[in-house]
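Enquirer: The following block contains a protein sequence and its predicted model.
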Amino acid sequence: MQAMISETHFETYWKLFKGKYSNYKSYCEYFENTYINSIFNKWHYYDVKPNIFLTNNACESLNALIKRDWTNRERKPLHIFFNILKEGILELAKENKPWKVQVEITTELKLKATELAEKNIFVKKDNYYFLDKAEKEKAEKTKIERFANITYSNIDDFKSDFEDLIILSWDQSKKLAICYCSQGFKFGICHHKYALEIYQGTRARLVKLAPTKKRGRKRKTATALVHQHEEGEHRPPGKKVKKNYTSKKIILKLNNIYERNEGVNRKNCK
């Protein structure tokens, strides 16, 4: 429900949800009164801009850190608690961790977006562009028509079509795309958004260069033979094979070396 792209889609989905789970009437009434018909109803994608916090997870994470690591889950007097907070924040500052204020557009993301834009599989309907989730071919027109016109009588069909489609909107005045996938809306950038902006001509394509060739002509001959092969031994050309010495040959070689050394020693004695 949170990822619905318009208020009409949300209202239809909520109506079908209540129809399916009519046995849980008390829960549906509680949810509707608390999160829909109250001041805490700004949690839908169509109500906010991308890359904006929709939860208080950051506050809850800091609260958990204070309880777990700084106070050992014990109640402290206020003056002691403030000293603990001061020391803890100073320790965090010493770590010198860079704060992530913006999502980095990597080369991998640009390349993936360029490949998607070159497939030319975006389907336009009204102010939205649709992609099949597999990103191999164009999305089915029947699914797009059903979703755009909201002709659903069953929540399961609604959910199935929504999960099979990647939905983007295009702001003609700002020349920017908004993607309603989880990553695109949460971080404000994804390869679907980047690909649509390439498709509309507002971003440059990333050209993948071929690997550089070695200079000079190609070698026509194989490498020279380093070891002379034994008689009768088959060896493919261009491959180096270690010489296989038998025990007799090793003994003869050692004898020759010994005799040569003996001759040198005799000459020196004379």
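Expert: Okay, I see it.

Enquirer: tell me the contacts of the residue most central in space within the chain?
Expert: Geometric centre of the chain, nearest residue: residue 109, 8.2 Å, by Cα atoms, centre = their mean. By Cβ atoms under 8 Å, 6 or more residues apart in numbering, the contact set of residue 109 is 189, 190, 191, 194. Just so you know, the C-beta spots here come from the backbone N, C-alpha and C atoms, and that holds for glycine as well.

Enquirer: Surely the second one is in contact with residue 177?
Expert: No - Residue 190 is beyond contact range of residue 177, at 9.7 Å (criterion: Cβ atoms under 8 Å).

Enquirer: returning to what we had before: tell me the most packed of the contacts of residue 109, by neighbour count.
Expert: residue 191 (25 neighbours; other Cβ atoms under 10 Å).

Enquirer: and that one, how far is that from residue 141?
Expert: Distance of residue 191 to residue 141, computed by Cβ to Cβ, to the nearest Å: 24 Å.

Enquirer: again with residue 117
Expert: For residue 117 relative to residue 141 (Cβ to Cβ), the value is 21 Å.

Enquirer: Please apply the same query to residue 40.
Expert: 38 Å.

Enquirer: now residue 175
Expert: 27 Å.

Enquirer: Next up, the contacts around residue 122.
Expert: 129, 130, 131, 196, 199.

Enquirer: These: which two are farthest apart?
Expert: 130 and 199 (12.8 Å; Cβ to Cβ).

Enquirer: Please tell me how far stretch 9-23 is from the chain's geometric centre.
Expert: 33 Å (Cα atoms, centre = their mean, to the nearest Å).

Enquirer: quick one: average confidence on it?
Expert: Mean pLDDT, computed over stretch 9-23, is 91.

Enquirer: Mind listing what's buried along that stretch?
Expert: 9, 10, 12, 13, 14, 16, 17, 18 (16 or more other Cβ atoms under 10 Å).

Enquirer: just curious, which of those residues is nearest to residue 88?
Expert: Nearest member of the buried residues of stretch 9-23 to residue 88, counting by Cβ to Cβ, is residue 10, at 41.1 Å.

Enquirer: so the closest one makes contact with residue 47?
Expert: No - between residue 10 and residue 47 there is no contact under Cβ under 8 Å: 9.2 Å.

Enquirer: can you give me the helices in the protein?
Expert: Listed in chain order, the helices of the chain (DSSP state H) span 7-20, 25-31, 57-65, 78-95, 107-119, 141-149, 155-164, 182-187, 191-199, 247-269.

Enquirer: Quick one: those helices as JSON lines, columns for distance to residue 217 too.
Expert: Formatted as JSON lines, the helices of the chain follow (distance: least, Cβ to Cβ, whole Å):
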{"stretch": "helix 7-20", "distance to residue 217": "64"}
{"stretch": "helix 25-31", "distance to residue 217": "75"}
{"stretch": "helix 57-65", "distance to residue 217": "62"}
{"stretch": "helix 78-95", "distance to residue 217": "57"}
{"stretch": "helix 107-119", "distance to residue 217": "33"}
{"stretch": "helix 141-149", "distance to residue 217": "55"}
{"stretch": "helix 155-164", "distance to residue 217": "54"}
{"stretch": "helix 182-187", "distance to residue 217": "49"}
{"stretch": "helix 191-199", "distance to residue 217": "40"}
{"stretch": "helix 247-269", "distance to residue 217": "41"}
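
Enquirer: so which of those helices gets nearest residue 125?
Expert: Using Cβ to Cβ, the helices of the chain put helix 141-149 closest to residue 125, at 4.8 Å.

Enquirer: for the closest one, packing partners?
Expert: strand 123-125, strand 128-132, helix 155-164, strand 165-171 (3 or more Cβ pairs under 8 Å, 6 or more residues apart in numbering; DSSP states H and E).

Enquirer: got CSV for the ones you listed, with mean neighbour count too?
Expert: As requested, the helices and strands packed on helix 141-149 are exported to CSV (neighbours: other Cβ atoms under 10 Å):
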stretch, mean neighbour count
strand 123-125, 14
strand 128-132, 21
helix 155-164, 15
strand 165-171, 20
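
Enquirer: could these go into JSON lines alongside distance to residue 2?
Expert: As requested, those are exported to JSON lines (distance: least, Cβ to Cβ, whole Å):
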{"stretch": "strand 123-125", "distance to residue 2": "22"}
{"stretch": "strand 128-132", "distance to residue 2": "18"}
{"stretch": "helix 155-164", "distance to residue 2": "12"}
{"stretch": "strand 165-171", "distance to residue 2": "14"}
